[in-house]
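sharing a model that was predicted from the sequence below.
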Amino acid sequence: MKTILLLSLAALACVHPVSAATTPSRPNILLIYADDIGYGDLSCYGATKVKTPNCDRLAAEGLRFTSAYCSSATCSPSRYSILTGEYAFRNQAVHILPGDAPLIIQPGRATLPATLKQAGYTTAAIGKWHLGLGDKDRKLNWNGEIKPGPLEVGFDYCFVIPATPDRVPCVYVQNHRVFNLDPADPLQVSYKKPFPGEPIGQNEPDSLKMGATGGHLGAIINGVSRIGFQTGGKSAEWKDEEMETVLAQQAVSFIETNRDKPFFLYYASHDIHVPRLPNARFVGKTTMGPRGDEIVEFDWATGQILDTLDRLKLAGNTLVILSSDNGPVLHDGYEDGAVEKAGNHRPAGVLRGGKYSLFEGGTCVPFIVRWPKEIKPGVSDAIISQVDLPATLAALTGQKSDLAAMPDSLNLLPALLGQSPHGRDEVVEYAHQTALRQGKWKYIMPGSTGDGPFSKKRINISAPGALYDLASDPGEKHDVAAAHPEIVKELSAKLARIQKVDLSGPEPAAASRSKKDSPEPSE
């Protein structure tokens with residue numbers, strides 16, 4: 001694995017000692033990871049056009065953070081960071097992955113699940129994976145053993161969507177096999193050309209449940225055209241409308257089976273990612289169409305899991321963490337009316353930008369923690385990043401975090417437990433280029449970046465970069481770089497130091513495989 005030289009690593013790693021936090025008996029740990037839910041999409045964060053009573057209950061009984069960040073404004077990089085403790089820009093293989101990408105987390109490296117497994121936890125990944133499957137040197141056989149994958153990076157059990165719901169293959173993978181696959185109907189996947197005789201959205205738009213654009217005009221599965229092409233495997237194909245129900249049932253089953261021992265569950269919901277096809281019982285629950293209805297569906301799934309903890313009398317000693325992989329997006333390749341039906345709903349709240357954007361709406365996301373036994377209800381303004389979870393949860397469970405493998409993960413246990421109002425001094429935000437928040441200041445390096453709440457329009461930030469005072473201007477409307485050249489110089493230099501890496505070492509396992517970005521930057 002590539003050697004990383006983070007110049008301020010040693011200092012950063014020692015800034016937040018664990019001594020300020022008590023470490024009681026090991027709790028169960030449940031990480032609920034939403035997909036594309038923005039800072040303003042939950043009613044506990046101010047939404048009024050959709051109600052999320054189960055998320056609200058979690059916030060009322062726990063700690064709601066106002067300055068929590070995913071590490072990237074797109075999916076695969078954020079998921080990489082939350083499991084490895086490493087900013088995604090340090091690994092050349094981490095980008096928006098196609099559905100047939102190889103695993104981008106090197107087997108054997110220290111990860112969040114592997115660390116908790118060492119501490120005696122039974123670990124599971126249920127839901128969206130999108131971190132690649134298989135080895136870069138061998139073509140993946142979807143009809144045989146699918147490895148390496150989640151089980152090779154620390155999970156004992158997995159039931160996952162290989163990539164995204166809008167990408168092939170449209171099947172579940174359980175441990176090392178495609179779930180419910182008929183050997184007599186082998187599954188084939190391609191991201192180069194369609195299979196003869198198989199319908200594709202580009203040729204049969206009138207047969208689709210919803211219109212699609214750009215790269216989403218490939219294989220038609222369940223009446224929806226996807227990115228990429230597949231044939232065979234009919235018995236294994238998912239039904240989008242049933243997906244969240246299937247995943248929630250898997251989560252409940254895992255908790256029931258492992259109720260008598262410490263467990264870590266990474267529940268990565270598919271809601272509210274495109275294509276948005278909520279179950280019939282949620283259709284019409286909001287006035288915002290499928291996007292709003294899937295927020296309600298996500299809240300329902302959260303409630304199913306919380307109710308299971310209550311029923312099994314596990315809630316008191318279970319640490320529940322709820323967050324999202326990146327900021328919100330409305331139109332993202334399918335004609336589902338999300339833009340037209342949003343009305344006055346602001347998915348990013350007061351923040352500027354959304355998914356794909358370096359502005360706050362891209363990476364500042366909901367983040368709620370509940371542990372009734374130890375955490376007092378309230379609100380925290382501490383700056384915290386999902387990249388800190390590996391080191392923080394290692395400290396909680398009495399494990400040492402691997403600084404070489406988790407170079408960007410800080411132990412913020414006192415902040416996570418609400419015992420300290422202080423979190424990170426600074427946090428890196430990433431969306432093809434980087435930005436740095438330090439205290440109230442937000443610096444965006446020169447270059448092109450996305451603007452607008454849900455637009456892919458690009459703007460050019462000229463040298464020396466943009467600077468915003470988030471305390472007085474959380475919506476990043478006023479660039480004050482010209483008035484504070486000394487702050488710009490300081491943050492620019494600090495960001496350069498944090499990004500510096502040693503390129504002399506060997507490449508990460510998957511880095512040498514060519515990047516195959518999707519035809520459209522949907523995640």
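Yep, it's here. Residues are numbered from 1 along each chain as shown.

all helices of the stretch 101-250 of the chain, in order?
Listed in chain order, the helices of the stretch 101-250 of the chain (DSSP state H, counting those that start in this stretch) span 112-118, 243-257.

show me how far the longest one is from its chain's centre.
In terms of Cα atoms, centre = their mean, to the nearest Å, the gap separating the centre of helix 243-257 from the centre of its chain is 19 Å.

burial of the nearest residue in space to residue 242 that is not next to it in sequence, as a residue count?
Using Cβ to Cβ, 6 or more residues apart in numbering and skipping residues adjacent in sequence, the residue nearest residue 242 is residue 279, 6.7 Å away. C-betas here are computed from N, CA, C, even on glycine. Taking other Cβ atoms under 10 Å as the criterion, the count of residues near residue 279 is 17.

also the one 3 residues further on?
Using other Cβ under 10 Å, residue 282 has 21 other residues around it.

got it, and residue 374?
Other residues close to residue 374 by other Cβ under 10 Å number 20.

so it, which state does it fall into?
coil (DSSP: H, G, I helix; E, B strand; the rest coil).

what's the closest of the helices of the stretch 101-250 of the chain to residue 39?
helix 243-257 (21.6 Å; Cβ to Cβ).

so for that closest one, what's the average pLDDT?
For helix 243-257, mean pLDDT rounds to 98.

correct me, but residue 433 touches residue 449?
Yes - judged on Cβ atoms under 8 Å, residue 433 makes contact with residue 449 at a distance of 6.6 Å.

which of the two has more residues huddled nearby?
Neighbour tally, residue 433 and residue 449, criterion other Cβ under 10 Å: the higher count belongs to residue 449, 23 against 15.

helix or strand: which one has that one?
strand 447-450 (DSSP states H and E).

repeat for residue 303
helix 289-311.

hmm, back to that, my guess is the residue nearest to residue 242 contacts residue 239, does it?
No - using Cβ under 8 Å, residue 279 is not in contact with residue 239; the gap is 9.5 Å.

where's residue 390, which helix or strand?
Assigned by DSSP H and E, residue 390 falls in helix 389-396.

just the C-alphas of that helix, formatted as CSV.
Extracted in CSV, the C-alpha atoms of helix 389-396 (Å, rounded to 0.1, in the frame of the first residue of the first chain):
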residue,chain,number,x,y,z
LEU,A,389,-15.2,7.1,12.9
PRO,A,390,-12.5,4.4,12.6
ALA,A,391,-10.2,6.0,15.2
THR,A,392,-13.0,7.1,17.4
LEU,A,393,-14.8,3.7,17.5
ALA,A,394,-11.4,2.0,18.0
ALA,A,395,-10.9,4.1,21.1
LEU,A,396,-14.4,3.4,22.3
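
list the buried residues for that helix?
389, 390, 391, 392, 393, 394, 395, 396 (16 or more other Cβ atoms under 10 Å).

can you check stretch 168-188 too?
Per 16+ other Cβ under 10 Å, stretch 168-188 contains these buried residues: 168-178, 181, 187-188.

got a pLDDT number for residue 13?
Residue 13 is given a pLDDT of 36.

actually residue 7, sorry about that
For residue 7, the predicted pLDDT is 33.

okay, the helices of the stretch 101-250 of the chain in TSV with distance to residue 231 and mean neighbour count next?
Conversion of these to TSV gives the following (distance: least, Cβ to Cβ, whole Å; neighbours: other Cβ atoms under 10 Å):
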stretch	distance to residue 231	mean neighbour count
helix 112-118	33	23
helix 243-257	21	19
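
tell me which of these lies nearest to residue 31.
helix 112-118 (8.5 Å).

tally of neighbours for the spatially closest residue to residue 259 that is not a sequence neighbour?
Nearest non-adjacent residue to residue 259, counting by Cβ to Cβ, 6+ apart: residue 312, 5.0 Å away. Other residues near residue 312 come to 14 when the count uses other Cβ under 10 Å.

contact partners for residue 312?
255, 256, 259 (Cβ atoms under 8 Å, 6 or more residues apart in numbering).

my guess is the first one contacts residue 267. True?
Meaning residue 255. No - with contacts counted by Cβ under 8 Å, residue 255 stays clear of residue 267, the gap being 9.8 Å.

identify the contacts common to these two.
In contact with both residue 255 and residue 267: residue 305, using Cβ under 8 Å, 6+ apart.

how far away is the residue sitting nearest the centre point of the chain from residue 287?
With distances taken as Cα atoms, centre = their mean, residue 325 lies nearest the centre of the chain, 2.5 Å away. The gap separating residue 325 from residue 287 is 26 Å, by Cβ to Cβ, to the nearest Å.

give the rounded mean pLDDT of stretch 399-408.
For stretch 399-408, the per-residue pLDDT averages 89.

same question for stretch 497-507.
56.

picking that back up, and the following helix or strand past the helix holding residue 390, what does it pack onto?
Sequence-wise, the next helix or strand downstream of helix 389-396 (DSSP H and E) is helix 413-416. Helix 413-416 is packed against strand 378-385, helix 389-396, with contacts defined by 3 or more Cβ pairs under 8 Å, 6 or more residues apart in numbering; DSSP states H and E.

next one: helix 413-416 to chain centre, how far?
21 Å.

do the same with stretch 49-62
20 Å.

what's the answer for stretch 385-392, then?
On Cα atoms, centre = their mean, the centre of stretch 385-392 falls 13 Å from that of its chain.

got it, and stretch 262-274?
With Cα atoms, centre = their mean, you get 9 Å for stretch 262-274.

endpoints of it, how far apart?
34 Å (Cα to Cα, to the nearest Å).

wait, residue 29 touches residue 264, no?
Yes - counting by Cβ under 8 Å, residue 264 is a contact partner of residue 29 at 4.6 Å.

joint contacts of these two?
116, 121.

dihedrals phi and psi, residue 156?
Phi and psi for residue 156, reported as degrees, to the nearest 10, are phi -80, psi -30.

quick check: closest non-adjacent residue to residue 152.
Distance criterion Cβ to Cβ, 6+ apart; nearest residue to residue 152, sequence neighbours excluded, is residue 107 at 4.0 Å.

so which of the helices of the stretch 101-250 of the chain comes closest to residue 203?
Per Cβ to Cβ, nearest to residue 203 of the helices of the stretch 101-250 of the chain: helix 243-257, 25.8 Å.

tell me where the chain is predicted with low confidence.
Counting by pLDDT under 70, the chain has low-confidence residues at 1-25, 451-456, 501-523.

rerun at 80
1-25, 448, 450-458, 501-523 (pLDDT under 80).

next, the distance between the ends of stretch 182-189.
Termini of stretch 182-189 sit 16 Å apart (Cα to Cα).

run a quick neighbour tally on residue 137.
The burial count for residue 137: 10, using other Cβ under 10 Å.

mind listing what it touches?
Applying Cβ under 8 Å, 6+ apart, no residues qualify as near residue 137.

only alpha carbons, please: show the helix or strand where residue 435 lies as PDB.
Per DSSP H and E: residue 435 is located in strand 434-438. What follows is strand 434-438, C-alpha atoms only, in PDB (Å, rounded to 0.1, in the frame of the first residue of the first chain):
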ATOM      1  CA  THR A 434     -10.500  20.100  -2.300                       C
ATOM      2  CA  ALA A 435     -11.600  22.700   0.200                       C
ATOM      3  CA  LEU A 436     -10.700  23.300   3.800                       C
ATOM      4  CA  ARG A 437     -12.900  24.400   6.700                       C
ATOM      5  CA  GLN A 438     -11.100  25.700   9.800                       C
END
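
for that strand, the distance to its chain's centre please.
Between the centre of strand 434-438 and the centre of its chain there are 19 Å (Cα atoms, centre = their mean).
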